[in-house]
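# model the following, please.
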Amino acid sequence: MNPATPVVLGLVGALVAASSAAHALQVQITTVRAAEHGPSDAQLVELRPRLRRLVGYRSFQVVREERRQCAWQTAEAFKIPGGHLLNVVPKGMRDQAVVMQVKLIDRRRPLIDTDVRLQNRGVMLFGLGRDERAPDGALIIMLRAEE
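Prediction:
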């Protein structure tokens with residue numbers, strides 16, 4: 001075996017890994033607490049009318065935000081406050097939209113298990129109802145994906 005062979009193989013492996021990362025999907029999960037009263041985070045001002053239509057509350061604050069590169073056809077699990085888990089499997093692109101499987105689990109009980117088609121760079125909202133830590137509010141999960 002040529003002494004340069006491991007270096008070449010390592011370089012090829014690094015190029016394949018970089019190519020895969022370039023084709024990964026950027027997924028952002030933002031969990032928002034909605035309440036009857038109080039201030040709203042400035043970053044949610046644009047979405048406030050949409051959030052109000054979804055859950056009917058007036059105050060919105062970001063509780064948790066996570067961004068991750070997700071490989072196509074690979075499951076990624078995001079922790080959601082209150083003991084929830086959001087599993088996302090990006091399946092592919094179709095007509096400028098990201099097709100993905102979304103499963104929301106409350107401890108061990110599935111709440112949502114569906115395939116969604118999300119416009120590239122679009123935002124999908126899921127309302128969770130009452131937030132156990134704030135009985136006068138609800139949790140909202142914002143799912144954003146970008147190729």
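
# what is Val88 paired to in the beta sheet?
With DSSP bridges as the criterion, the beta-bridge partners of Val88 are Glu76, Val102.

# does the residue nearest the centre of the chain belong to a helix, a strand or coil?
For the chain, the residue nearest the mean C-alpha position is Ile29 (3.2 Å; CA atoms, centre = their mean). Secondary structure, DSSP: H, G, I helix; E, B strand; the rest coil: Ile29 is strand.

# go ahead and confirm Leu85 touches Glu76.
No. With contacts counted by CB atoms under 8 Å, Leu85 stays clear of Glu76, the gap being 10.7 Å. The C-beta positions use only the backbone N, C-alpha and C, and glycine is treated the same way.

# which of these two has more neighbours?
Each of Leu85 and Glu76 had its neighbours counted (other CB atoms under 10 Å), and the higher figure belongs to Glu76 (18 against 15).

# what separation is there between that one and Gly137?
As judged by CB to CB, to the nearest Å, Glu76 and Gly137 stand 27 Å apart.

# then Val89?
As judged by CB to CB, Val89 and Gly137 stand 30 Å apart.

# can you pull out the helices in the chain?
Per DSSP state H, the chain carries helices over the ranges 5-22, 48-55.
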